[in-house]
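Chemist: Got a sequence here, can you build the structure:
(chains A and B)
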Amino acid sequence: MMRALPSWVISLMSILCVAAIWFGITHYGLVRDLFLPGPADLWSGFNELLEEGYKGRELWEHAAMSLTRVGLGFLSGALVGTALGLGMGYLPKLNQIAAPFIEFLRPLPQLAYLILLIVWLGIGETSKITMLFLAALPVSAIAARDGVANVPPERVRVAKTLGATDWQVFTHVLLPSALAEIMVGARLAAGIVYGTLIAAEIIAGNGGIGWMILDAGRFLRSDYVFAGIGLIGLTGIAIDRALLLLERRVVHWAGR
Amino acid sequence: MGRGVWSVVAMVVFWWGFTASGAVSRDLLPSPVDVWAALIEVVTQGYRGTTLWGNALSTLGRLAGGFGTSVIVGVPLGLWMGSNRAANAAIDWVVQFMRPLPPLSYMILLILWLGTGDLSKVALLFLTAFPIVVAASASGVRGVKRQRIDVALALGASRADVFRHVILPSAAPMVMTGLQIALAAAFSTVVSAELLAASDGLGWMVISASTFLRNDVIILCILVLGGLGVGLAAMLRSLDLRLIHWRGRE
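Modeler: Sure thing, here's the model as predicted:
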């Protein structure tokens, strides 16, 4: 019988099931609303946040603080990382020199060096944005390097045979061929930067959506916590979709 | 490789020269010698009643608990979702919803629900790795070429045979890639979680050292964490190469 139903009906049934369980256990008081707010509590909590803001700042101000940090850290890290990666892909010497640091930095938990950056640069914006810069850098660099390395050597040779200079080979052959991987790297980096920022705001924040969640959690306002998590999830999806759109537009020849 | 070693040596020499010149206070940026001394001190005398080994083991234990559970639960679930349309329709929305959520954002809820002990951290790591593992396993099964399954069925293989000899080997490379990404994500998360709420582990050591302005210990921990991260990734990669020797030869 299940096989006859279209997929979306099954998904909808499953969502309704979960919603019903959520409504049921909160409505009949099986768990305290301290731990799990019901749908009505969540909605009123969200409206309260929209109208009154949280701790002296409007909700959109918290969101804007987080997004500014993400934007600055991501852009600086992705730009420098891509430039470095292109250089590493093009010049084997540069790759050998820079690779140990990049490979070390990539799997390093970002929050571990945030603590050091806070000691050096203070608790303000500089330390957070520097951390995000360092989070985006290795991912972008490796994507750009591999993008250049994966360009078929025939293409380069053909261009050279036809009389292209090294610079022309770089701008007209290597760069367009590597662009697809660079964009994939950028999306990956954006995801890491976003997740890292939320963690950073939770551990050492003074504003922003991540900080709001932690602070609300300390005061057991779990309706605010849930609303904040929902907002973080939606923003994360929006950032990813925006970059995907950009990717399709910039690399319109991908797969051809 | 040769140049790589030299560039690391050059970096350490530059670091040492920079600190020796007195341009920055040694409290802020300890020299390589100070960090080495901190390593000796922590190894021989321990750090505030804990040892470097003990803290590294706590971190790795949490990681193994959370990541291991996500593999045990996530891989079969993903394989099932990949081969059964109804199961996929019923579960996939949960996975897609969880995937873009930064794990630390729901850490505070897990602490509320499960307490500040290890259970909430292991649950956090499980939830970090789980959607990645499930999504990779399911898409691995979905990517199996239809003709292969049809050929095997036409040659008289049973459903179980097809799963064991066709679907599983074809999906395995994708599953292993998913595990590598999931482990990297969980490693990053475990340190964040320990920074926020823990009484041992390398993340705790970093935050504790920062309150006592022991920057030498912080740098030591960062180096250990970087080494562990590189080591864990290399371990899974070599397991991948050994286990899935047919990767890229399809």
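
Chemist: so which residue of chain A comes closest to chain B?
Modeler: Relative to chain B, the nearest point of chain A is A:Pro107 (3.0 Å; Cβ to the nearest Cβ). The way it works is simple: take the backbone N, C-alpha and C, and place the C-beta from them, glycine included.

Chemist: Surely B:Ser31 touches B:Gly17?
Modeler: No: assessed by Cβ atoms under 8 Å, B:Ser31 is found out of contact with B:Gly17, at 9.2 Å.

Chemist: which of those two has more neighbours?
Modeler: Remark: of B:Ser31 and B:Gly17, B:Ser31 carries more neighbours, 17 against 11, as counted by other Cβ atoms under 10 Å in any protein chain shown.

Chemist: How about that one, nearest residue that isn't a chain neighbour?
Modeler: B:Thr19 (3.7 Å; Cβ to Cβ, 6 or more residues apart in numbering or on different chains).

Chemist: State the helix or strand in which that neighbour lies.
Modeler: helix B:2-20 (DSSP states H and E).

Chemist: average model confidence for that helix?
Modeler: Computed over helix B:2-20, the mean pLDDT rounds to 86.

Chemist: For the first helix or strand past that helix going along the chain, what is the distance to the chain centroid?
Modeler: Scanning forward in sequence from helix B:2-20 by DSSP H and E, the next helix or strand is helix B:32-45. Helix B:32-45 has its C-alpha centroid displaced from the chain centroid by 27 Å (Cα atoms, centre = their mean, to the nearest Å).

Chemist: what does stretch B:126-144 give?
Modeler: Centroid separation for stretch B:126-144 versus its chain: 15 Å, with Cα atoms, centre = their mean.

Chemist: same check, this time on stretch A:18-38
Modeler: When distances are taken as Cα atoms, centre = their mean, stretch A:18-38 is centred 31 Å away from the chain's centroid.

Chemist: Alpha carbons of stretch B:7-20, in PDB - could you do that?
Modeler: Only the C-alpha atoms of stretch B:7-20 are listed here, as PDB (Å, rounded to 0.1, in the frame of the first residue of the first chain):
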ATOM      1  CA  SER B   7      59.200  26.100   4.800                       C
ATOM      2  CA  VAL B   8      58.100  24.700   8.200                       C
ATOM      3  CA  VAL B   9      61.700  25.100   9.600                       C
ATOM      4  CA  ALA B  10      61.900  28.600   8.200                       C
ATOM      5  CA  MET B  11      58.600  29.500   9.800                       C
ATOM      6  CA  VAL B  12      59.800  28.200  13.200                       C
ATOM      7  CA  VAL B  13      63.100  30.100  12.900                       C
ATOM      8  CA  PHE B  14      61.200  33.200  12.000                       C
ATOM      9  CA  TRP B  15      58.800  32.700  14.900                       C
ATOM     10  CA  TRP B  16      61.800  32.200  17.200                       C
ATOM     11  CA  GLY B  17      63.600  35.300  15.900                       C
ATOM     12  CA  PHE B  18      60.500  37.400  16.100                       C
ATOM     13  CA  THR B  19      60.000  36.500  19.800                       C
ATOM     14  CA  ALA B  20      63.700  36.800  20.600                       C
END
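
Chemist: That one: which residues count as buried?
Modeler: By neighbour count on 16 or more other Cβ atoms under 10 Å in any protein chain shown, the buried set for stretch B:7-20 is B:7, B:15, B:19.

Chemist: same thing with stretch A:125-138?
Modeler: Neighbour-count burial for stretch A:125-138 flags A:127-138 (criterion: 16+ other Cβ under 10 Å).

Chemist: thinking again about what came up before, so which of the buried residues of stretch B:7-20 comes closest to chain A?
Modeler: Nearest to chain A among the buried residues of stretch B:7-20 is B:Ser7, at 4.2 Å by Cβ to the nearest Cβ.

Chemist: excluding its backbone neighbours, what's nearest the residue of chain B found nearest chain A?
Modeler: Closest approach between chain B and chain A, counting by Cβ to the nearest Cβ: B:Gly229, at 3.0 Å. Distances taken as Cβ to Cβ, 6+ apart place A:Pro107 nearest to B:Gly229, at 3.0 Å, with adjacent residues excluded.
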